[in-house]
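Enquirer: My questions concern the predicted model and sequence given below.
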Amino acid sequence: ARHAVAATADPWMLEEVIVTARRREEREQEIAIAMTSMSGVALEERQILAADQLGSVVPNLQFDAVAPSSGSSSAGQIFIRGIGQTDFTPVTDPGVALYVDNVYIARSPGNVLDFIDIDRIEVLRGPQGTLYGRNATGGAIRVVTRDVEETFSGEVAGTLGDYNLRAISGTVNIPLGDGFGTRLTALIRKRDGYADNLDESGVSQLDDRDVAVVRGKFRWDMTERVSSLLTLQYSRQDDNFGNDLIDLSPPGLNLGIAAGGISGDSAKEVATAIDSKIDDEQFSLDLRFDVNLPGFDFVSITGYHDFEQHSNSDADGTSTAVVDAVDVPQTAQAFSQEFQLLSVADGPWDWITGVYFFDETADFEIILDRGGASLESQGDQRTDTTAYAIFGQATYAFSANWSLTFGARWSHEKKETRVSASSIADVTLAPVPYADDDSWSELTPKLTVTRQIAPGMVYLTYARGFKSGGYNYAASVNGGLPLDPE
């Protein structure tokens, strides 16, 4: 999609912004959705370098880099209009859907994206259950990267700053002829820690930065009617960004200090015996085919996201091991496939319909050091999720000013979970072995009446969302009862 200024001398004319919030290119000023769209250039001008900074420029959005108790600055929690999810474990799901281009990022760990070569972001407020489906009860965020262009271009940018900050990024767009083209992008960002560690047995610094992102986009216009776009992305994090906790409790209430430990007294000093870093690797694949057929377009979207992370958290904020999560290993592999049919003919009707399939396997565990002779764990928990849906939405224009949009999505989801003894910790606290499964189905409709009134519109919308059910960690405690969907 593109951003273009209307060809007019009127200084009060709004910039024409093209978005794909409803899965097709439309003028933002003409669609009845509560949304905020911001170009990549606007993000750069405001120094919005990562997804967790969007809350400073987008109304009703709260995006925190560190979910409570996660110990990972890449495990963000997202809320829109107060609806979201604080739990970062893979046994529950977010309340706001996050997409990078066409790939759904299902897990909170890994959702704090570093921005590079961004075309725009779109933040949709309110339930988006019809077109975006599961886990979009609060809304949806779409991060759209810049597409392959027809002319050769490139750019390189570098940054130096305090705390030995150094960053370099680069992009090159290469047309290869005969409908082929590629766009390659890379980013490296490093910085020393904001906080020094008072405990010499742990890492020397915390709240440092060491990330790298590489992306390749490959476009092939196979015929006049068929085109494909393959996007491959790899990212790595190896630091303790945001992982600096100190004890602020009144004297005598912290068990770590009572046991002889120490803590920092400001954001620049911490005390922890943990000697590991956040190790995060992600790979994603996005393959899209667009086929122009008589009377409608056919779209196929295949997505794959592979995530692996080891994080840690000194929850008591002292040098004594009281509640130290010395390792939080987790992995997730997700595959999705979507087929769409979209109207293209001029006339009062504008419609889209499609089917969707999603499959994910996620593993999670917390390894605790509570000062005893042995490491402890709640168990190694695996959750398998299979979901599929059929959806459709149509808009009928009664006149140049009045229109009605209606649609619905039927979703079905099954979750299977099992808890087994830890292969890392000496002691598994939760009852093992344990296994359970549950499934849910939901219909999420939408109805919107729109009246165009220059220079804007008035609309009334009714919409429902569907947030997946889930389990506790560990699922075998508290009777093993599953959590109902929302």
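Expert: Sure thing, it's come through.
Enquirer: which stretches of this protein form helices?
Expert: Along the chain, the segments classed as helices by DSSP state H run 40-45, 255-258.
Enquirer: Pick the most buried one from those helices.
Expert: Among these, ranked by average contacts under mean count of other Cβ atoms under 10 Å, first place goes to helix 255-258 (a mean of 19). The C-beta positions use only the backbone N, C-alpha and C, and glycine is treated the same way.
Enquirer: Quick one: mean pLDDT over it.
Expert: Average pLDDT, helix 255-258: 81.
Enquirer: who's in contact with that helix?
Expert: With Cβ atoms under 8 Å, 6 or more residues apart in numbering as the test, helix 255-258 has contacts from 247, 251, 252, 263, 316, 317, 318, 319, 320, 322.
Enquirer: go with 10 Å
Expert: Contact partners of helix 255-258, identified using Cβ atoms under 10 Å, 6 or more residues apart in numbering, comprise 247, 249, 251-252, 261-263, 271-272, 314-324, 370-371.
Enquirer: quick one: which of the helices of the chain is nearest residue 422?
Expert: Closest approach to residue 422 among the helices of the chain (Cβ to Cβ): helix 255-258, 23.9 Å.
Enquirer: Can you lay out the helices of the chain as TSV showing distance to residue 172?
Expert: Shown next, in TSV, are those (distance: least, Cβ to Cβ, whole Å):
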stretch	distance to residue 172
helix 40-45	16
helix 255-258	51
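Enquirer: Any idea which of these gets closest to residue 389?
Expert: Taking Cβ to Cβ, helix 40-45 is the member of the helices of the chain nearest to residue 389, at 30.7 Å.
Enquirer: Alpha carbons only: can I get the closest one in PDB?
Expert: Extracted in PDB, the C-alpha atoms of helix 40-45 (Å, rounded to 0.1, in the frame of the first residue of the first chain):
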ATOM      1  CA  GLY A  40       7.100   4.400   8.500                       C
ATOM      2  CA  VAL A  41       8.500   7.900   7.900                       C
ATOM      3  CA  ALA A  42       6.300   9.300  10.600                       C
ATOM      4  CA  LEU A  43       7.500   6.600  13.000                       C
ATOM      5  CA  GLU A  44      11.100   7.500  12.200                       C
ATOM      6  CA  GLU A  45      10.500  11.200  12.800                       C
END
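Enquirer: which helices and strands does it pack with?
Expert: On a contact count with 3 or more Cβ pairs under 10 Å, 6 or more residues apart in numbering; DSSP states H and E, helix 40-45 meets strand 3-4, strand 118-125, strand 139-145.
Enquirer: can you redo those strands as a markdown table with mean neighbour count and mean pLDDT?
Expert: Formatted as a markdown table, the helices and strands packed on helix 40-45 follow (neighbours: other Cβ atoms under 10 Å; pLDDT from 0 to 100):
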| stretch | mean neighbour count | mean pLDDT |
| --- | --- | --- |
| strand 3-4 | 14 | 42 |
| strand 118-125 | 22 | 94 |
| strand 139-145 | 23 | 94 |
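Enquirer: looking at the ones you listed, which is closest to residue 100?
Expert: Among the helices and strands packed on helix 40-45, if distance is taken as Cβ to Cβ, the winner is strand 139-145, at 4.9 Å.
Enquirer: Filter the contacts of helix 255-258 down to the buried ones.
Expert: 247, 261-263, 271-272, 314-324 (16 or more other Cβ atoms under 10 Å).
Enquirer: Isn't residue 136 up against residue 85?
Expert: No: using Cβ atoms under 10 Å, residue 136 is not in contact with residue 85; the gap is 11.9 Å.
Enquirer: what residues do those two have in common as contacts?
Expert: Here residue 136 and residue 85 have 94, 95, 96, 467 as joint contacts, going by Cβ under 10 Å, 6+ apart.
Enquirer: which two from the residues you listed end up farthest apart in space?
Expert: Farthest-apart pair in the shared contacts of residue 136 and residue 85 is 96 and 467; separation 9.8 Å (Cβ to Cβ).
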